[in-house]
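Chemist: Sharing a model that was predicted from the sequence below.
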Amino acid sequence: KAGVTQTPRYLIKTRGQQVTLSCSPISGHRSVSWYQQTPGQGLQFLFEYFSETQRNKGNFPGRFSGRQFSNSRSEMNVSTLELGDSALYLCASTLDRGNYGYTFGSGTRLTVV
Amino acid sequence: KQEVTQIPAALSVPEGENLVLNCSFTDSAIYNLQWFRQDPGKGLTSLLLIQSSQREQTSGRLNASLDKSSGRSTLYIAASQPGDSATYLCAGKRSGTYKYIFGTGTRLKVLA
């Protein structure tokens, strides 16, 4: 059974550019959540999608956006990149909101220069 | 606002020791609790999930328990090995919410 797949694994971008990260959940999982991890802030919740709808959003500026497709794959986009956006971006999938745990992908390491 | 504290922040022990990692939530209304390990630069690997009707879970040398009345969880690692060296994170979810709130982690080093 394939796990959660995140692409790309590493990215280097310049300030002001935009970036799109991809996450393919475990087959059958309909909920995808995104987290940002930095040494100073730890794991911070970005947003969660279920059946192509954003159900919850964290405290991030509007430059951070996402979407989910009908096959449950999800993308997140960051526009006008800032140096502080450098982080490990992790996505996690789960069956639904209920009594289920997360399965995480390996993450995308974004470096903004 | 829900906050999660993990104690200790870092721990270094000789191989073979039994150890306990602690996690506490400011809001004790936790529905699910999950423990993860993270190796440097990698994603999170799920270790144990305590669901709403459960109080503890065991897997091999690992045992996790959750006291919902106090909002505290412990992860017990028996007979620690150098391969257990990693950061351990707890995460809790309240009923009716869609997200897990994470602790800041305990960085464990097991010395051979």
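Modeler: Nice, thanks for sending it over. Numbers count the residues shown, from 1 in each chain, chains lettered A, B, ... in the order given.
Chemist: which parts of chain B sit against chain A?
Modeler: Neighbours of chain A within chain B, by C-beta under 8 Å from any C-beta of the partner chain: B:31-32, B:34, B:36, B:41-46, B:49, B:51-53, B:89, B:91, B:97-105. Any C-beta I mention is one placed from the backbone N, CA and C, and that applies to glycine too.
Chemist: Chain A: strands as residue ranges?
Modeler: Ranges of strands in chain A, per DSSP state E, are A:5-7, A:10-13, A:19-24, A:31-38, A:42-50, A:53-57, A:64-68, A:74-78, A:87-94, A:103-104, A:108-112.
Chemist: among the ones you listed, which is the most enclosed?
Modeler: Mean neighbours per residue, mean count of other C-beta atoms under 10 Å in any protein chain shown, is largest over these for strand A:87-94, with a mean of 25.
Chemist: could the strands of chain A go into JSON lines alongside distance to chain B and mean pLDDT?
Modeler: JSON lines is the format used below for the strands of chain A (distance: least, C-beta to the nearest C-beta, whole Å; pLDDT from 0 to 100):
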{"stretch": "strand A:5-7", "distance to chain B": "8", "mean pLDDT": "97"}
{"stretch": "strand A:10-13", "distance to chain B": "10", "mean pLDDT": "98"}
{"stretch": "strand A:19-24", "distance to chain B": "11", "mean pLDDT": "98"}
{"stretch": "strand A:31-38", "distance to chain B": "6", "mean pLDDT": "95"}
{"stretch": "strand A:42-50", "distance to chain B": "4", "mean pLDDT": "93"}
{"stretch": "strand A:53-57", "distance to chain B": "4", "mean pLDDT": "91"}
{"stretch": "strand A:64-68", "distance to chain B": "13", "mean pLDDT": "97"}
{"stretch": "strand A:74-78", "distance to chain B": "14", "mean pLDDT": "98"}
{"stretch": "strand A:87-94", "distance to chain B": "6", "mean pLDDT": "96"}
{"stretch": "strand A:103-104", "distance to chain B": "4", "mean pLDDT": "94"}
{"stretch": "strand A:108-112", "distance to chain B": "7", "mean pLDDT": "97"}
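Chemist: What distance do you get for the residue nearest the centre of chain A to B:Lys68?
Modeler: Nearest to the geometric centre of chain A sits A:Trp34, at 3.3 Å (C-alpha atoms, centre = their mean). To B:Lys68, A:Trp34 is 28 Å away according to C-beta to C-beta, to the nearest Å.
Chemist: again, but for A:Gly101
Modeler: A:Gly101 is 17 Å from B:Lys68, by C-beta to C-beta.
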